[in-house]
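# Build me a model from this:
(one chain, ligands or ions: 1)
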Amino acid sequence: LFDLWTANRPPPSPGTNSGTDVIAFQGWHKFKEAFPPELIRQAIEAQPVEVTRCIDPFGGSGTTALAAQFLGVGSTTIEVNPFLADVIRAKLCHMDPDALAADLAEICSRTAQSERRKLERLINLPETFIEPGRAGRWIFDLNIAFRLESLLVAIDQLSSAEHRRFFRVILAGVLIGVSNVRVNGKGRRYRQGWASLDRDPSDVDRAFLLHARRAIVEVHKFSSRPKVSTSIICGDARAFRTRRMHELAIFSPPYPNSFDYTDVYNVELWTLGYLAGADANRALRASTLTSHVQINRRFAQAPKGSALLDATLVALTDARDKLWSPWLPSMVGAYFSDLLRVLGRVRDALHAESSCWIVIGDSKYANTHVPSAQILRQLASRSGWLVTSMDPFRSMRSSSQHGGATELHETLLVLKRS
Ligand SMILES: C[S@@+](CC[C@H](N)C(=O)[O-])C[C@H]1O[C@@H](n2cnc3c(N)ncnc32)[C@H](O)[C@@H]1O
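Residues are numbered from 1 along each chain as shown. Take a look at the predicted model:
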């Protein structure tokens, strides 16, 4: 079943962004920074003991939990972004495809009957979201916003909570496509000529229907996936607790490249009602790993124990005048402090001798290289981990996610809990 799922493709790069959205479930919402499911299988098969449960403290698109489910292995996932946590829950959920199809028909017929001319669900969105927007720019034309509202109301009327979550995730998957913006690692940009796009609400219906049908076919095709225990904790990986024990941890944290996932999924977070207001948006940013400088925060002190980190911080501080933000040296120091906290939590959730597989990428600011994997290797070996292997590979990440540089490595770092 796993091979059917991954279409037996040639082994992809173990790094992120190697094109996983062509795989069933992973196309429900584009997530460029996903690592390939094949890496999870490799990690599970490489363990000397049977893996019954694995843990991923940075869930993202849910690759670890989903791949583990296909392999009959249980999982614990931590993900701070509530929208992404729901995407993962929706993917892992065993649903009846016929019942989903019936509910899709229900949503479509309710939406067709309702000509909404009032916004209730979307009334609290920031001013920039809906026409007339602010300073002559907006993300959704008004007629598109009315149609999104109708769909949200129709979805909310479904009796099954699991189906409501599924269809909201599907709707989220088409939001950017019917909006006036594009989103990438550098943030949100207006499309060229967006003001003359002249969108029709039927565009929303078509996109939603197509996307939902495709997803329901995938649910049907893989309905014989094993039923395993999965736990998804929506929270901060630096502070999570679980009583469950695991034989393997595998994850890819945000890289210290100023990429803020709260920005990348902001349209979905607001439109689907995950953020009640600006305070909630700020709180979410503050609970993300210190991999960006988008908010004012107190940066944790850089950890001791890595000569490479010390040298990198000196070089960054010396180059302060050339940096695009004066906070970057503090951010890089705090980033590694955060990662050590996460490793501490992960350690508590692992049986002795278990492995921890980490895919991590380097960064560069004003020609100062931040060799993330090597720094983490030094820090981890001084905090109770044995370093089993460290394999750099060619990164598939685009330059924008790496702050403009193309030659930066991603590395697979394997640690063992001593
Ligand atoms: C590189 S992505 C993980 C991708 C994942 N390996 C996959 O295949 O989809 C990092 C994820 O960490 C999440 N994240 C950031 N800060 C976090 C925190 N403090 N606690 C938990 N998750 C966090 C982000 O929202 C993002 O989804």
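
# going forward, measure contacts between C-alpha atoms and count neighbours the same way
Noted.

# how about the residues of the stretch 101-250 of the chain that lie near the ligand?
Within the stretch 101-250 of the chain, the residues that sit near the ligand (CA under 6 Å from any ligand atom) are 235, 236, 237, 238.

# buried sites along the helix or strand harbouring residue 337?
Here residue 337 sits within helix 328-348, counting by DSSP states H and E. For helix 328-348, a neighbour-count test (16 or more other CA atoms under 10 Å) marks 328-340, 342-348 as buried.

# just stretch 237-248 next, same as before
Buried positions in stretch 237-248, judged by neighbour count with 16+ other CA under 10 Å: 237, 238, 245, 246, 247, 248.

# so which of the residues you listed would you say is closest to residue 352?
residue 247 (8.4 Å; CA to CA).

# three-state assignment of the closest one?
Classification of residue 247 by DSSP: H, G, I helix; E, B strand; the rest coil places it in strand.

# mind checking pLDDT for it?
Per-residue confidence (pLDDT) for residue 247: 98.

# so it touches residue 351, yeah?
Yes: at 5.8 Å, residue 247 counts as touching residue 351 under the criterion of CA atoms under 8 Å.

# the strands in the stretch 201-350 of the chain, which residues?
230-234, 246-251, 350-361 (DSSP state E, counting those that start in this stretch).

# Pick the most buried one from those strands.
strand 246-251 (a mean of 25; mean count of other CA atoms under 10 Å).

# Give the partner strands of that one in its sheet and their orientations.
strand 53-56 (parallel), strand 350-361 (parallel) (DSSP bridges).

# Reformat those as CSV; add mean pLDDT.
As requested, those are exported to CSV (pLDDT from 0 to 100):
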stretch, mean pLDDT
strand 53-56, 98
strand 350-361, 96
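
# out of those, which comes closest to residue 160?
By CA to CA (comparing all of those), the closest turns out to be strand 53-56, at 27.9 Å.

# Whatever helix or strand comes next after that closest one: how far from the chain's middle?
Sequence order places helix 63-70 as the next helix or strand after strand 53-56, per DSSP H and E. Helix 63-70 sits 15 Å away from the centroid of its parent chain (CA atoms, centre = their mean, to the nearest Å).

# near the ligand, anything from helix 63-70?
Yes: applying CA under 6 Å from any ligand atom, one finds that helix 63-70 is in contact with the ligand at residue 63.

# now the following helix or strand past that helix and strand 230-234, what's the angle there?
Once the chain leaves helix 63-70, the next helix or strand it forms, by DSSP H and E, is strand 74-79. Per axes from the mean of the first three to the mean of the last three CA atoms, to 10 degrees, the angle that strand 74-79 makes with strand 230-234 is 10 degrees.

# quick one: contacts of strand 74-79?
Outside strand 74-79, the residues within contact range by CA atoms under 8 Å, 6 or more residues apart in numbering are 52-60, 62, 64-65, 68-69, 85, 228-237, 240.

# ok, the buried residues of stretch 237-248 vs the ligand, which is closest?
Closest approach between the buried residues of stretch 237-248 and the ligand, by CA to the nearest ligand atom: residue 237, at 3.7 Å.

# Now do the same contact list for the closest one.
Contact analysis of residue 237 by CA under 8 Å, 6+ apart lists 57, 58, 78, 79, 80, 342, 345.

# how near is the third one to residue 350?
Between residue 78 and residue 350 the distance, using CA to CA, to the nearest Å, works out to 15 Å.

# quick one: the helices in the stretch 101-250 of the chain?
Taking DSSP state H, counting those that start in this stretch, the helices of the stretch 101-250 of the chain run over residues 142-156, 161-175, 201-221.

# still on that earlier bit, need the residues of the stretch 101-250 of the chain next to the ligand in TSV (columns: distance to residue 101 and pLDDT).
What follows is those, written out as TSV (distance: CA to CA, whole Å; pLDDT from 0 to 100):
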residue	distance to residue 101	pLDDT
235	32	97
236	35	97
237	36	98
238	40	97
